[in-house]
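Q: okay, here's the prediction I keep looking at, along with the sequence it came from:
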Amino acid sequence: MWSELLNDKLYSDASALAKKVTQWQLYNEKVVFTNGCFDILHLGHIDYLSKAADLGDRLIIGVNTDESVGKLKGPSRPVIDQHTRAMKLAAMTFVDAVILFGEETPLALITAIKPDVLAKGGDYTIGTIVGAEHVIENGGSVQVIPFLEGNSTTAIINKIVG
């Protein structure tokens, strides 16, 4: 039962996820989208994601593929493979869907699923969030969630290595 529920949260196709989003929205459920690498899941991620979930009724997380993480963070990353990262996120009770994306940005994914709310962490401003303009033009909102200080994947890696 639980493994089936977990696997039901994983999407490999943006069009299938877009259909699910449309269903949720037909029932007046507010859909929140966020994205990231989520390499080594830590308290800062949990705080950020739970606050993103509080912005609506359904939370979708776009997760960078291993290849795109390597391009963003360097050749030694990710530490954790994409399937494991996606499964960890899907296991959270407040997460409704997880989808991998390999593009440089999640713009195509955001355009396909049309979330009501786009959320990003405190290192962004609304003007620098990819997809913000599209979400706002379609009647949605964009929210920046402050970081929980003292929590970062890089700091964890440095502590392990160092």
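A: Okay, I see it. Numbering: from 1, shown residues only.
Q: and for the lowest-mean-pLDDT helix or strand in the chain, what's in contact with it?
A: Counting by mean pLDDT, DSSP states H and E, the chain has its least confident helix or strand at helix 153-161, which shows a mean of 75. Contacts of helix 153-161 from elsewhere in the structure, counted by C-beta atoms under 8 Å, 6 or more residues apart in numbering, are 37, 39-40, 42, 79. For glycine as for every other residue, the C-beta is placed from the backbone atoms N, C-alpha and C.
Q: ok, now stretch 69-82?
A: Outside stretch 69-82, the residues within contact range by C-beta under 8 Å, 6+ apart are 37, 39-41, 63-66, 85, 88, 100, 104, 153, 157.
Q: and that stretch, which residues are buried?
A: Taking 16 or more other C-beta atoms under 10 Å as the basis for neighbour counts, the residues of stretch 69-82 that come out buried are 69, 73, 77-80, 82.
Q: out of those residues, which two sit at the greatest distance?
A: For these, the farthest-apart pair by C-beta to C-beta is 73 and 82; their separation is 13.1 Å.
Q: pretty sure residue 58 sits against residue 31.
A: Yes - when contacts are counted by C-beta atoms under 8 Å, residue 58 is listed as touching residue 31 (4.8 Å).
Q: now do the shared contacts for these two.
A: Taking C-beta under 8 Å, 6+ apart as the contact criterion, the residues that touch both residue 58 and residue 31 are 21, 24.
Q: show me the contacts of stretch 69-82 that map onto helices.
A: For these, membership in helices holds for 66, 85, 88, 153, 157, with DSSP state H as the criterion.
Q: so can I have JSON lines of those residues showing neighbour count and distance to residue 121?
A: Output for the ones in helices among the contacts of stretch 69-82, formatted as JSON lines (neighbours: other C-beta atoms under 10 Å; distance: C-beta to C-beta, whole Å):
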{"residue": "66", "neighbour count": "18", "distance to residue 121": "21"}
{"residue": "85", "neighbour count": "26", "distance to residue 121": "16"}
{"residue": "88", "neighbour count": "17", "distance to residue 121": "18"}
{"residue": "153", "neighbour count": "21", "distance to residue 121": "12"}
{"residue": "157", "neighbour count": "16", "distance to residue 121": "18"}
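Q: looking at those, which is nearest residue 96?
A: For these, the closest approach to residue 96 (C-beta to C-beta) belongs to residue 88, at 15.0 Å.
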